[in-house]
Structures are given as structure tokens and as C-alpha cells.
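Engineer: pasting a predicted model and its sequence here:
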Amino acid sequence: MKNFAVSCASNPKGLSGVSSEQSGNSETLILQQGNTAARYDAADDDRVASFADAFGARMAGGLAHDDGQFRAMLEALPVPVYATDQDGWIRFFNNAAADFWGRRPRLGEARWCGSWRLYDASGLPLAHDQSPLALAVKKNCSLPASEAIAERPDGTRVPFLAYPKPLRDSQGAVCGAVNMLVDISERKQAEQHQKTLVDELNHRVKNMLATVQSLAIQTIRSAGVGRDVLRAFDGRLFALGRVHDLLTQAQWQSTDFKAVLDTVLRPLGPAVQGRIVTNGGPVRIAPREAVLLAMVLHELISNASKFGALSCRDGTLSVVWRETEAGASRSLHVEWQEANGPEVASPEKQGFGTRLIERGIASELKGAAEISYDPAGLHCSIRIPLATPKV
């Protein structure tokens, strides 16, 4: 892979294409030379650097010696490339760069970048002397691929990835810099399309939950079922809706266990929350894990509020969690401990909450849950294997 990058950089005329591809949170740089293509993880500094180093060295030599053949090769590149001196003044750009910028700045009169205006990835104005190439020169080092937005004179904006690289002379001193720009407009459009679809789906799910709630309320009332059943159903449906909102904000990617716990505890008043102690580090959990854990925690908090430690003034609750590793596998351990509440006794029969906790964790998440009815306070221990990678 590295040799292929060096070959592309040393003979840029044979480089027929440079593009980027997004998959999840990873960015892939694709180099095409003839019928051969290589893919580089943009986060893999070593592989991207193998191309940038070879290209930078070749460019420094070609421009320094006014190599006309090399300049012709650069002009033939399908990817925007430009070079500056050590003070940031643009000394060379190819046709692809001019097309990308929508203008042809005069050499020696434009500094750091040839775009009309620059913005950072969030859309805020970005000064040219704070552009990726300027930072690479000022810091005297290569920087990871960074995202920015270029505005053309006609007002159109183009999101791109920049791969800046300082150029050095034979003594190792910085004599300029080279920047390669990769247009990521198509990827951004795909992301926006995906977001629109997800937002529409979330809107429909919320409407469906509201419809289910309305139908259930009317059915329960007409059947003469007690208000306790109605409140219990409402509470479970609201808990499901809140964790759904949390996952929507995370684009249905992984979320933190603490965020799920906070979502469940949020409906409690400040006085009750003041008697709850939570402790644990960041642990990423998958959407499926988050939904079931939210429902399990809701059942535990409902029981504590009605019959357990949170049903009296002096009762307290402690929720502690930790992540453990065994080889390549990871697990989440949660300890729920109530204290200073009414004396606890084992129930005569299992209710819905107990069945959800013990059977749901085991069957849906392949974990284990154990409830201990200690007279001094209910204790629940939960362990589940995690599907998300460690951060």
C-alpha cells in the first residue's frame, strides 16, 4: 500500500483519480492509477503520510528546479493541488484548483488559500491565515485531514478535506507547503439526505406512540381498569419515548449509559434526585441495549418511588456502573442499591417489572440480572455484554 502511494506521488501524471468516501465515522481516501486503486483510512496518518511525503518531496524538487515536465504533470492532475512559499504566498496551482476555487488568483498576490472565502466545518467564517495549510506551516508539521468549506465568487460553497504538507529544502528547513483538496460535496449531500429520512422516520414513530397511547387510554378506561394500571402504562410509554428522543439526537448510533440513566431520572423532582447518587465512567452502548436498559431502569425507579427507598423522606439510592474487559469482549456492570427505606420483603408473585428485568436482560441482551430483596434495601445487579467498540 505504501509503495503504491509513493508511485502515485512520484508519477502524478499517471494518477487518474483522487476521491473520498464516508462510512460511519471513518473517511477513506481513494487513489486511482490506471486500473489499480488503493484505499486509505484518512485517520491512518502513516498511510496518508506516505502519499503526502512522497508527493511533497517530488513537488519541492520539481518546483524548485522549475521542472516544466513536472509542472505539466501537476496540471494534468484531476485533484486540486497548490503550493505556497514559507510566507504563505501562492506560487503554483493547477487547473483543478482553479476550477475548485472558481477563480484564478494571481501568483504572489493570494496568501494561504486561493478560495474567495473560507469557513470551518460548522459554517463559521475562517480567516485564510487560520486555514489548514497555514496551520501546517506555522506548526512546522503535517496535520491530519481537516474539513473546511470554500466559497466561490458566485456564492456557491464547496465542502472539502485538506491534506496540507510543509515542503522542506535540502537542509530540512521549511521552504513552503503543498495542499491537496478533496471535494466531499456528494458525501455531504448523502449525509443530509440520510438525516432527512431519519427525521421523517422519527416524526412518524412519535405520532405512532401518541396514537398507541390514546388507544390504550380509551381501551383501559372503557374496560373499567384501575387508574394505577393507566399510570403504569403511561409511565412505560413515556420512558420509551424519552429514550427514543435520546437516540434520535445521537442519529441512532451509540449513546452513553449515563445519558440513558439521566433520561430515566429526569421526571423525578429535585428533592428526590438529591437523594440519588450515581457514579461511573463513560460507557458507550448500542441503541438496542439503550432501549431495554431504559425500560429496566424505569421499572426499578417506579418500584423505588412507590414501595422502596424513594417512597420515604430518608431513603437513598445508589447507582454505580463500570465497564470490564475480558480479551476482546466488553461488559457493562450496573449495581442498584437502595437504603434507609421501608423494610423489603420478597413479593408473593412476580410482576411485569421483575419479569422484564430478569428475563428481558437474559433473552434480549444475553446478559444476567439478579434482584435481591434484602430487608435493608433492594439490590439489583445487572451485567450485559456490549456490542459497541470502546472509545
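Structural biologist: Everything's here; your move.
Engineer: got the contact list for residue 242?
Structural biologist: 263, 264, 266, 294 (CB atoms under 8 Å, 6 or more residues apart in numbering). In this view, the C-beta of every residue, glycine as well, is placed from N, C-alpha and C.
Engineer: wait, isn't residue 257 in contact with residue 283?
Structural biologist: Yes. Residue 257 is within contact range of residue 283, at 4.5 Å (criterion: CB atoms under 8 Å).
Engineer: common neighbours of those two, please.
Structural biologist: 321, 332.
Engineer: state the pLDDT value of residue 123.
Structural biologist: The score at residue 123 is 91. That number is its pLDDT.
Engineer: three-state assignment of it?
Structural biologist: coil (DSSP: H, G, I helix; E, B strand; the rest coil).
Engineer: what's the burial count for the nearest residue to it once chain neighbours are set aside?
Structural biologist: Excluding its sequence neighbours, the residue lying closest to residue 123 (CB to CB, 6 or more residues apart in numbering) is residue 149, at 6.7 Å. Neighbour count of residue 149, defined by other CB atoms under 10 Å: 21.
Engineer: specify the local secondary structure of residue 149.
Structural biologist: strand.
Engineer: beta partners of it?
Structural biologist: residue 119, residue 159 (DSSP bridges).
Engineer: ok, it - contacts?
Structural biologist: Per CB under 8 Å, 6+ apart, neighbours of residue 149: 118, 119, 120, 121, 123, 157, 158, 159, 160.
Engineer: which one among those residues gets closest to residue 227?
Structural biologist: residue 123 (50.5 Å; CB to CB).
Engineer: I figured residue 185 was touching residue 158, is that so?
Structural biologist: Yes. Between residue 185 and residue 158 there is a contact under CB under 8 Å: 5.9 Å.
Engineer: those two - which one has more neighbours?
Structural biologist: residue 158 (19 against 12).
Engineer: which residues touch that one?
Structural biologist: Here residue 158 is in contact with 100, 149, 150, 151, 152, 183, 185 (CB under 8 Å, 6+ apart).
Engineer: closest one of these to residue 170?
Structural biologist: The closest of these, once distances to residue 170 are taken by CB to CB, is residue 100, at 31.4 Å.
Engineer: give the closest residue to the closest one in space, chain neighbours not counted.
Structural biologist: residue 80 (4.2 Å).
Engineer: before we move on, what about residue 126?
Structural biologist: Nearest one to residue 126, counting by CB to CB, 6+ apart, is residue 118 at 4.2 Å.
Engineer: where does the prediction get shaky in the protein?
Structural biologist: 1-71, 73, 213, 220, 222-226, 230, 388-391 (pLDDT under 70).
Engineer: what's the domain layout of it?
Structural biologist: 2-183, 245-385 (automatic domain parsing).
Engineer: next, format those domains as CSV and append distance to residue 237.
Structural biologist: CSV is the format used below for the domains of the chain (distance: least, CB to CB, whole Å):
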stretch, distance to residue 237
domain 2-183, 31
domain 245-385, 10
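Engineer: A strand includes residue 289, no?
Structural biologist: No. The assignment for residue 289, made by three-state DSSP, is helix rather than a strand.
Engineer: for it, give its distance to residue 77.
Structural biologist: 47 Å (CB to CB, to the nearest Å).
Engineer: which one of the two has more residues nearby?
Structural biologist: Under the criterion of other CB under 10 Å, the comparison of residue 289 against residue 77 puts residue 289 first, with 25 against 20.
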